[in-house]
Structures are given as structure tokens and as C-alpha cells.
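Enquirer: fold the following, please.
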Amino acid sequence: MVDDLPDIDEKALRAVTRIDRLIVKLRRDDQGAFMAITNALEHHLEIFPRDPETVRHLAHALESFARARGLDPEVAGFAKQLRSLMDYS
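Expert: Residues are numbered from 1 along each chain as shown. This next block holds a predicted model:
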């Protein structure tokens with residue numbers, strides 16, 4: 001039965017969950033746009049075969065969007081998680 005379970009990257013999913021929680025805590029008006037990107041990240045971490053390049057691109061998109069909206073990931077507290085996703089392999 002274990003063979004039927006999907007190949008999910010739990011560590012990377014925890015990083016995305018942490019980013020989600022921190023964005024929710026900020027109570028931003030544009031929170032839904034951030035969640036759209038993190039939902040796409042979650043999807044790509046849950047499917048198999050996983051495409052690491054897509055995960056990295058989505059992480060870069062999240063950083064770019066955050067900066068465009070005046071949010072510094074370092075100040076918001078999710079820079080470490082974002083870097084781990086940008087280095088995903």
C-alpha cells in the first residue's frame with residue numbers, strides 16, 4: 001500500500017507552508033496574489049515526476065512579486081525558505 005502514496009517533498013512543502021503563514025500574518029490586501037504563486041509551488045512539489053526547474057522559477061517569481069509589491073522577504077521572515085526553494089534540485 002505504501003507504493004500507492006505520492007512522492008511528496010515534505011521539506012520543501014514545509015518551506016512553502018511557512019511562507020504562506022508569514023504572508024497571512026502580514027494581512028496584506030494582495031495576499032491572494034501571493035497565495036496563487038505558493039499554491040502553484042505546492043502543486044509542483046506534490047506531483048511526480050517533479051520538475052525542479054519549475055519549482056525554482058516559481059520561487060524566483062514569488063521573490064520578484066514580493067519585491068514589486070514593496071515586501072522584502074528578509075524583513076518578512078521568509079528569505080531562508082525562499083532561498084531553499086530557489087536552490088531546489
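
Enquirer: middle-most residue in the protein, spatially?
Expert: For the chain, V16 is the residue whose C-alpha lies nearest the centre (CA atoms, centre = their mean; 3.8 Å).

Enquirer: which helix or strand contains that one?
Expert: When secondary structure is defined by DSSP states H and E, V16 falls within helix 10-26.

Enquirer: before we move on, what about Q81?
Expert: Following DSSP H and E, one finds Q81 within helix 79-86.

Enquirer: which other helices and strands does that helix contact?
Expert: With contacts taken as 3 or more CB pairs under 8 Å, 6 or more residues apart in numbering; DSSP states H and E, helix 79-86 sits against helix 10-26, helix 52-68. Every residue, glycine included, has its C-beta placed from N, CA and C.

Enquirer: residues making contact with that helix?
Expert: With contacts defined as CB atoms under 8 Å, 6 or more residues apart in numbering, helix 79-86 is touched by 12, 15-16, 18-19, 41, 55-56, 58-60, 62-63, 73.

Enquirer: hang on, the earlier thing: for V55, see how far away the residue nearest to the centre of the chain is.
Expert: Separation of V16 from V55 (CB to CB, to the nearest Å) stands at 10 Å.

Enquirer: now do the shared contacts for these two.
Expert: Listed as contacting both V16 and V55 by CB under 8 Å, 6+ apart are 41, 45, 85.
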